[in-house]
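Chemist: The following block contains a protein sequence and its predicted model.
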Amino acid sequence: MTEPERYEAVPCPPWCEQLQCQEPRAEDRFHQLARTVPVTLRRRYPTGTGVDARPGSAELNVVVFASATRPDETWGSIDVGEWSSTIAVTVESMRRVHAALGEVLSVAEA
Ligand SMILES: [Zn+2]
């Protein structure tokens, strides 16, 4: 018979907004830091309609999470609110996305 996994609470880092790290179940606790970015959506006109049915703006949620029970588990996510597209990746992957965004913008706007 194996022992159930025990969780030790990881104290809140200084950046934690303390929104989700007080959950009753330890495995549901996450430290998080979030930013909401208002964005303007690209207009798309379905062929032959001349009408764009989508809203012109949305809120992009950029969040970094750290497990409140596993000190080595940190990740980031980007989602587009009601459009429900979410990308959840490691912090290292977020750094690569950040660098790539800066690179393509600097090249395209040069
Ligand atoms: Zn916290």
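Modeler: Sure, I can see it. Note that the structure is a prediction, hence the values are computed from the model and not measured. Numbers count the residues shown, from 1 in each chain.

Chemist: For residue 16, the count of nearby residues, please.
Modeler: 19 (other CB atoms under 10 Å). For every residue, glycine as well, the C-beta is placed using N, CA and C.

Chemist: Checking it next. Helix, strand or coil?
Modeler: Following DSSP: H, G, I helix; E, B strand; the rest coil, residue 16 is assigned to coil.

Chemist: What are the buried residues along the helix or strand harbouring residue 96?
Modeler: Per DSSP states H and E, residue 96 falls inside helix 91-108. The neighbour-count check on helix 91-108 (16 or more other CB atoms under 10 Å) flags residue 94 as buried.

Chemist: contact partners of that helix?
Modeler: Here helix 91-108 makes contact (CB atoms under 8 Å, 6 or more residues apart in numbering) with 64, 74-76, 89.

Chemist: Report the separation between the most centrally placed residue in the chain and the ion.
Modeler: Residue closest to the average C-alpha location in the chain (CA atoms, centre = their mean): residue 77, at 2.0 Å. Here the criterion is CB to the ion, to the nearest Å. By it, residue 77 lies 16 Å from the ion.

Chemist: Would you mind listing what in this structure touches the ion?
Modeler: 12, 16, 18, 21, 31 (CB under 5 Å from the ion).

Chemist: May I see those residues organised as a markdown table, with pLDDT added?
Modeler: Compiled in a markdown table, these are given as follows (pLDDT from 0 to 100):
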| residue | pLDDT |
| --- | --- |
| 12 | 90 |
| 16 | 95 |
| 18 | 91 |
| 21 | 88 |
| 31 | 94 |
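
Chemist: Just put those in CSV and tack on distance to residue 103.
Modeler: Output for those, formatted as CSV (distance: CB to CB, whole Å):
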residue, distance to residue 103
12, 34
16, 31
18, 35
21, 34
31, 30
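
Chemist: related to what we said a few turns ago, so which strand or helix has the residue nearest to the centre of the chain?
Modeler: Assigned by DSSP H and E, residue 77 belongs to strand 74-79.
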